[in-house]
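[1] sequence and predicted structure are below.
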Amino acid sequence: MSKQPTLTLIESVFSQSKDYIDNRLELYKLKMIDKTSSVTSSIISYVALFVIFFIFFVVFNIGIALLIGDLIGKAYLGFLILAAIYGIAGVILFSKRDKIFKTPITKLIIGKFL
């Protein structure tokens, strides 16, 4: 007769252990959903801001190129000068891309997931 209470106790422990594991898995799933939604919403907001800034930047640069061209006397030279300036800036940014872009973006993404 002493086996019956022991068996019931063991079944109860296994049942509670299973419930505990199920609850922990559910908690990890919910935490992952929370982190994923946070990262996704951040990415969407950054993309929206980037698009708005990009449109402003393009229109502003067209205006600057036309102004430079007007000052020089030939509109196409304004665009060429501005393109040369951005080409030089692009080469500099490309040479420093890991330090300027990769490391901060990696840290930002890791920080969002932690």
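    Perfect, I can see it now. Numbering: from 1, shown residues only.

[2] in stretch 68-85, what's buried?
    Buried residues in stretch 68-85, defined by neighbour count with 16 or more other Cβ atoms under 10 Å: 68-69, 78-79, 82. From N, CA and C alone the C-beta is placed, and that goes for glycine too.

[3] got the contact list for it?
    Residues from elsewhere that reach stretch 68-85 (Cβ atoms under 8 Å, 6 or more residues apart in numbering): 61, 64-67.

[4] which of those fall in helices?
    61, 64-67 (DSSP state H).

[5] of those residues, buried ones?
    residue 65.

[6] coming back round to it: which one among the contacts of stretch 68-85 gets closest to residue 29?
    Checking the contacts of stretch 68-85 against residue 29 with Cβ to Cβ, the nearest one is residue 61 at 46.8 Å.

[7] state the pLDDT value of that closest one.
    What the model reports as pLDDT for residue 61 is 96.

[8] check contacts around it.
    Residue 61 neighbours (Cβ under 8 Å, 6+ apart): residue 82.

[9] any idea how far residue 46 is from it?
    Residue 61 sits 21 Å away from residue 46, going by Cβ to Cβ, to the nearest Å.

[10] make TSV out of the ones in helices among the contacts of stretch 68-85 and add distance to residue 40.
    Below are these laid out as TSV (distance: Cβ to Cβ, whole Å):
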residue	distance to residue 40
61	31
64	36
65	37
66	39
67	41
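
[11] ok, the ones in helices among the contacts of stretch 68-85 vs residue 103, which is closest?
    Taking these together and measuring to residue 103 by Cβ to Cβ, the closest member is residue 61, at 28.1 Å.

[12] quick one: the closest one from residue 86, how far?
    8 Å.

[13] between the ones in helices among the contacts of stretch 68-85, which sits nearest residue 104?
    residue 61 (24.9 Å).

[14] who are the contact partners of residue 16?
    Contacts of residue 16 (Cβ under 8 Å, 6+ apart): none.

[15] what's the pLDDT at it?
    pLDDT, residue 16: 91.
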